[in-house]
Each structure stands twice: as structure tokens, then as C-alpha cells.
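> Need coordinates for the below:
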Amino acid sequence: MIKIFFIIIISSFIFISCSDDNEEISGDTGLFYQSTFFDELSRDYILFVPDSYDENENTPIVFNLHGGSSTAEEQLNYISDMRSLSDNEKFILVYPQASSDANGIPIWNLGGVNSKATDVDDVGYISHLIDRISEFYSVDRDRVYVTGFSNGGYLSFELACKLSSKIAAFASVAGHMFIDTYNECSPTHPTPFLSINGTEDNYDGISEYYLSVDSSNNYWIEYNNTDLNANIVDLEDVNTSDGSTVQYHSWKNGSNGVEIDHYKVIGGEHSWPSLNSNLDKEKSNGDIDSDRIIWEFFSRFDINGLR
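Down below sits the predicted model:
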């Protein structure tokens, strides 16, 4: 079966709310389970505002998108907990929750004939969250970033293509660029992009659904007018028991100083690489810290390019 909707843990619930009425954002620091009304639907998300937040400073924001059949809470607790990074590096975190399809499976709608799972406007939903959160916090609108795992990674491509005016840079882990996203992509500015993919995870794509990793990278290499030849470095095999190694590819000198980075996990499967990976699940790579790699990449760019 195509690994579009798979994730490590399948939740028996979609979302847990910590209050009966959580539409109003407090403006405080901490972890909040929120809901908002958009496009005639009540939509849920988790908001984390670090203690280091200063209302007198414009603060970057990172959207972290869960995989298909998963939840925002699972993404936070089991896949990519960026809270310590958020506090140390001073950025706001948002874990949005997808709506469910006809089978009750949480899934992001990518639009297009081949990839449309629901009729929900998820691009509009993320745009709404950016605006909504900015009403209560000092958000740096030039430094809004998005990353995602698997199906969430697919949506990160869609957002970079269709919400370009609000997205400074994006990263996809175990994700691909869908055919319809590719055909309808219309970014409005040079866009830094980072990808992390395992070679055993449909690395060469599936023709009727999504592009190969190389083709996805090549789209952004061409659009951003970067160097055509990558700098390639074999990274240290930190965990020799995980059955995989990592090769780092970087295409530099793009328009406005942007670049494309790719971490090719040789022998890796469908997972979010982490130094603390549970190696019994999906042969997860333990040589790199994806959370830190993604943030350090994002932090170098704003919507105008290299900072």
C-alpha cells in the first residue's frame, strides 16, 4: 500500500481539548489546546508559546504538520517535539489538526484530482491561523515557516506553492511533491526548501501520485536559480546499529541568497530521523536531529531570502 497516510502511532481519538470554549487566545506563554472557526468548520490546533517570548519583539512562527491518520498531539509528543528549541531559540510553535475524511481518518487536503482527500480548505486554514495568532502575539510575518511529516510534508509543498506570500521557507520529512501540487505551483518569491527522505520510502516517487525526491528537489532548484551541482557530504554514522547513513546535499547561491538542502537517508524508511529514535519503528535513522536541522535552516532566512 502507498505510504501516504502511514505514521508510527494511530490515535483512538482525533483531538483532546483542555476547555469547553477555547476559541479565544490568551496571549500568555505556555501550551494551549485551541480551536478556531474557519470555513464553517471548527478546527483544532495546539499552540506553544515559549517562556522566552517577549511581546515587544517580533517572533518567528513554525507550523509543524502531522502525518495522515495521526493527530497534532502525536506529532508533538512522539514525532517532533520542538518545545525546547522553541524556548531556546525564541519562536512560536503551532501543531494544527487535520480534519477527517469519509472513513474518519485525519488527512490533509492537497487539492487537485489525484490528491484531494476531502473538500476542506487546508491552505486557507493555515492562512487563517497565521492571521488569528498574529492578533494576539507579536508575530514576525516575514518569518513564518512550515514543516511536516509524510502527509503533512505533502501539505508543506502545497503551502509553499499556494500560500507563498506568507511562507518564508519550508521543510518536508518523508514527504513528496504531489503531481497536482507540481502542476499548480505558483510561488511568488525565492523559497528556501529542506527535505529529509529515506531511500527505502518510495524515493523514486509513484508516477500517478507524486514526484521522485530528485524531481521535487529539482523543481525548487530551478525555480530558485541555485547552483545546478550540489555540494555533497557523507555525514558521520553516529548510530551504527540503525541500518542507515545520511548524505547531505546542498544547492547554494540561489536568488536572494536562498538554497536547497537535502538529507538523503541511505537505507532509511518512513520516519522522522532523530538522535533519540526508537530503532524498532520504521528503521528510524539515529544519525541526525531533524528538529534542530530544520530550525537552523529556517533561522537563516526570511521571506526576502538570506537574512
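> Who is Phe48 paired with across the strands?
Leu31, Leu93 (DSSP bridges).
> and what of Ser195?
Counting by DSSP bridges, Ser195 forms beta bridges with Ser172, His262.
> Surely it touches Met177?
No - counting by Cβ atoms under 8 Å, Ser195 stays clear of Met177, with 9.3 Å between them. The C-beta positions use only the backbone N, C-alpha and C, and glycine is treated the same way.
> what residues are shared contacts of those two?
Ser216 (Cβ atoms under 8 Å, 6 or more residues apart in numbering).
> Looking at these two, which has the bigger crowd around it?
Met177 (29 against 25; other Cβ atoms under 10 Å).
> which one is the more buried one nearest to, not counting chain neighbours?
Ser216 (4.0 Å; Cβ to Cβ, 6 or more residues apart in numbering).
> List the neighbours of the helix or strand the one you found falls within that are in contact with it.
Element membership for Ser216, per DSSP states H and E: helix 213-224. Helix 213-224 is contacted from outside by 157, 172, 176-177, 182, 185, 187, 190-193, 195, 197, 203-205, 210-211, 228, 249, 251, 254-255, 258-260, 262, 264, using Cβ under 8 Å, 6+ apart.
> Only alpha carbons, please: show that helix as PDB.
Extracted as PDB, the C-alpha positions of helix 213-224 are listed here (Å, rounded to 0.1, in the frame of the first residue of the first chain):
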ATOM      1  CA  VAL A 213      12.600  13.200  -4.400                       C
ATOM      2  CA  ASP A 214      15.100  14.200  -7.100                       C
ATOM      3  CA  SER A 215      12.300  15.700  -9.200                       C
ATOM      4  CA  SER A 216      10.800  17.500  -6.200                       C
ATOM      5  CA  ASN A 217      14.200  19.000  -5.400                       C
ATOM      6  CA  ASN A 218      14.900  19.900  -9.000                       C
ATOM      7  CA  TYR A 219      11.700  21.900  -9.200                       C
ATOM      8  CA  TRP A 220      12.900  24.200  -6.400                       C
ATOM      9  CA  ILE A 221      16.500  24.200  -7.600                       C
ATOM     10  CA  GLU A 222      15.300  25.500 -11.000                       C
ATOM     11  CA  TYR A 223      12.700  28.000  -9.500                       C
ATOM     12  CA  ASN A 224      15.200  29.400  -7.000                       C
END
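> Mind giving me the packing neighbours of the helix or strand following it?
Sequence-wise, the next helix or strand downstream of helix 213-224 (DSSP H and E) is strand 231-234. Identification of packing neighbours for strand 231-234 by 3 or more Cβ pairs under 8 Å, 6 or more residues apart in numbering; DSSP states H and E yields strand 245-251.
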